[in-house]
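Engineer: compute the structure for the input listed below.
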Amino acid sequence: MIMETADILDHLQKTSAYWSKSNKTMSQMLKGLIIPFSLLAIVKVSFLTDKISSIGSALSYLATLLVYLVIIVIYCLVTVKVLKRQLEIFTINSNGNLKETLKNTITDFKRFYVIFNIIYFFLYPIYYYAVIKLIIINWAPSLNNILLICGVLTVVSLALGHVYYKLKYFNKINLLEANLRELEDDGYNLPNTL
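Structural biologist: This next block holds a predicted model:
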């Protein structure tokens with residue numbers, strides 16, 4: 001059981017490390033695109049001269065586009081921090097008591113998962129809105145349509161995220177809970193076992 005628990009924790013840690021590293025790379029790439037997107041915004045303003053009546057309007061429009069860039073960067077930074085926290089949960093101190101380690105890992109992950117969903121419940125729509133407004137040049141949907149699209153994308157993202165966590169993490173967490181119950185039922189107090 002100890003080896004099984006160690007293998008489960010190792011698997012969860014490696015999965016978290018993969019996503020943390022991948023997302024960090026993706027975030028760095030997106031942050032690297034700030035200058036090209038800023039130039040794209042300037043070009044976009046230049047081509048919309050018929051819709052923009054003054055230099056003040058053009059600067060206001062450009063400032064709005066830059067705000068969208070900032071939102072995307074904030075999304076990247078938050079995602080890196082969130083996935084780093086997930087990785088920390090599964091990076092286990094091997095010198096601790098096995099029962100305490102399992103209790104803390106399970107509790108921390110469940111708390112993390114709730115906070116993760118709350119963060120992205122608010123962050124996804126703002127992020128999707130910024131992406132739509134920044135990227136789409138020639139399509140001018142109504143605000144209601146953009147908000148509807150953002151809402152649908154948020155629901156789909158949260159649902160797919162839940163399915164992913166259910167498949168990759170919750171099954172392993174359930175095994176850890178079963179191992180913890182077995183340790184508690186047997187009265188084990190195993191220090192330094194992981």
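Engineer: how about the helix or strand hosting residue 121: buried residues?
Structural biologist: Element membership for residue 121 (DSSP states H and E) is helix 98-135. By 16 or more other CB atoms under 10 Å, the buried positions in helix 98-135 come out as 98-99, 101-103, 105-106, 109, 112-113, 116, 120, 123-132, 134. For glycine as for every other residue, the C-beta is placed from the backbone atoms N, C-alpha and C.
Engineer: phi, psi for the most centrally placed residue in the chain please.
Structural biologist: Nearest to the centroid of the C-alpha atoms of the chain, with distances taken as CA atoms, centre = their mean, sits residue 79, at 3.9 Å. Main-chain dihedrals, residue 79, degrees, to the nearest 10: phi -60, psi -40.
Engineer: packing partners for the helix or strand where residue 181 lies?
Structural biologist: Here residue 181 sits within helix 171-186, counting by DSSP H and E. The helices and strands touching helix 171-186, judged by 3 or more CB pairs under 8 Å, 6 or more residues apart in numbering; DSSP states H and E, are helix 2-32, helix 98-135.
Engineer: quick one: closest of those to residue 84.
Structural biologist: helix 2-32 (5.8 Å; CB to CB).
Engineer: check which element follows that closest one along the chain.
Structural biologist: helix 34-47.
Engineer: quick one: residues contacting residue 34.
Structural biologist: Counting by CB atoms under 8 Å, 6 or more residues apart in numbering, residue 34 makes contact with 69, 73.
Engineer: alright, that wraps it up for me.
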